[in-house]
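Undergrad: predicted model, plus sequence, below.
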Amino acid sequence: MMLMKFCKYCSSMMKLEGKRFMCACGHEESAEKITLEQNSSPRKEVKILESDINPLAVDNHLCSKCGFGKAQLVSKGIFVSDEDEMTEYVCGKCGHHDPEDGLKS
Ligand SMILES: [Zn+2]
Ligand SMILES: [Zn+2]
């Protein structure tokens, strides 16, 4: 173990015991902070890759723009002049909107 820390009160070398630095003068410091900071950066990179595709895009629909096979079915509410509820597919990859009834006709 090469991790070393010096006491800010008596400047003697502190001993690492578990997750705490201990000094002969009785001063203690947590060593957990150091390990948390080292681990935080690689985790962020993984999250960026995962958010590339919309996790809500679970419906099978072929995007007319990029050809991606999964899309999110989104309701746009009921129009006053029409009794049918308007729904459309939003591509999970490029975000392109395709009307749901466009495929039937
Ligand atoms: Zn000390
Ligand atoms: Zn698309």
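TA: Right, received. Where do you want to start? Ligands and ions are numbered 1, 2, ... in the order given.

Undergrad: and this protein, which of its residues are near ligand 1?
TA: 7, 9-10, 23, 25, 27 (C-beta under 5 Å from the ion). The C-beta positions use only the backbone N, C-alpha and C, and glycine is treated the same way.

Undergrad: can you do 8 Å?
TA: Where the chain comes near ligand 1, counting by C-beta under 8 Å from the ion, the residues are 7-12, 14, 23-27.

Undergrad: which among those residues end up buried?
TA: Under a neighbour-count criterion of 16 or more other C-beta atoms under 10 Å, the subset of the residues of the chain next to ligand 1 counted as buried comprises 7, 14, 23.

Undergrad: mind putting the residues you listed in CSV, distance to residue 95, pLDDT and secondary structure included?
TA: As requested, those are arranged in CSV below (distance: C-beta to C-beta, whole Å; pLDDT from 0 to 100; DSSP: H, G, I helix; E, B strand; the rest coil):
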residue, distance to residue 95, pLDDT, secondary structure
7, 55, 94, coil
14, 53, 93, strand
23, 56, 95, coil
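
Undergrad: residue 64 contacts residue 97, correct?
TA: No - contact criterion C-beta atoms under 8 Å: residue 64 and residue 97 do not qualify, at 9.7 Å.

Undergrad: give the contact list for residue 97.
TA: With contact taken as C-beta atoms under 8 Å, 6 or more residues apart in numbering, residue 97 is in contact with 88-91.

Undergrad: show me the residues of the chain next to ligand 1 that map onto strands.
TA: Counting by DSSP state E, the residues of the chain next to ligand 1 place residue 14 in strands.

Undergrad: now the residues of the chain next to ligand 1 in a markdown table, with distance to residue 68?
TA: Rendered in a markdown table, the data for the residues of the chain next to ligand 1 read as follows (distance: C-beta to C-beta, whole Å):
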| residue | distance to residue 68 |
| --- | --- |
| 7 | 58 |
| 8 | 56 |
| 9 | 61 |
| 10 | 63 |
| 11 | 61 |
| 12 | 62 |
| 14 | 55 |
| 23 | 59 |
| 24 | 63 |
| 25 | 63 |
| 26 | 62 |
| 27 | 58 |
